[in-house]
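[1] sequence and predicted structure, then a few things I'm wondering about:
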Amino acid sequence: MVLTPEELKSFALIDSEKLLQSNNKSLMDFPSMPQPDIDLIGEKGNMLIYDELNYDRKVLAKECIHLMSNMTLEQRKNFDKITERVNENKPGLFFLYGYGGIGKTYIWKALFAAFRSKTEIVLTVAFCGIATFLIPRGRIVYSRFAIPINVDENSICNIKQGSP
């Protein structure tokens, strides 16, 4: 398929908009910039939903099967518990914790692939930048949900480890 110059321009603007939105900005913040043709995207005007549904579901289904086949019994139990709650549309709060190297990220990757392969929207967030690299399409929580955090030269972070 050959794109017209106008279609190329619109897709470039759509990609620019995605990058800007990942930094809590938009092309609309720059009045002199042209706007993308929203008719070219699946969910007209809702770039977030379009972006969150823009995956190869067949590849994700294969990845999920592969990840599930290599899970430990405990990982599979946690995976099944979470997927059951989601599939039954029941609320739940799940916190996977433990020492490094026990497979927490592995379970999150499998859950991501399982739900995305079924056209579900999954917003993966973490509280620190390093963790966002470990989870597919991860974002820092305050960035994803536009939580205002004003950081200046006097800002500090004081995290104390709790007793076991």
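    Thanks, I have the structure now. Numbers count the residues shown, from 1 in each chain.

[2] quick one: the longest helix along the chain to chain centroid distance?
    The helix spanning the most residues in the chain, taking DSSP state H as the definition, is helix 5-21. Helix 5-21 has its average C-alpha position 20 Å from the chain's average C-alpha position, going by Cα atoms, centre = their mean, to the nearest Å.

[3] and for stretch 98-107?
    Computed by Cα atoms, centre = their mean, the chain-centroid distance of stretch 98-107 equals 19 Å.

[4] what's the answer for stretch 113-126, then?
    Taking Cα atoms, centre = their mean, one finds stretch 113-126 lying 7 Å from the centre of the chain it belongs to.

[5] and the helices in this structure?
    Secondary structure of the chain, counting by DSSP H: helices at 5-21, 47-53, 57-69, 73-87, 104-116, 129-134, 141-144.

[6] so for the last one, what gets flagged as buried?
    What that stands for is helix 141-144. Across helix 141-144, burial judged by 16 or more other Cβ atoms under 10 Å covers 141, 144. Any C-beta I mention is one placed from the backbone N, CA and C, and that applies to glycine too.

[7] next: the fourth one.
    Neighbour counts using 16+ other Cβ under 10 Å place 75, 78-79, 82, 86 of helix 73-87 among the buried residues.

[8] low-confidence regions, this structure specifically.
    Along the chain, segments meeting pLDDT under 70 span 1-3, 38-48, 50, 129-132, 157-164.

[9] domain ranges for it?
    Domain assignment for the chain by automatic domain parsing gives 5-53, 57-144.
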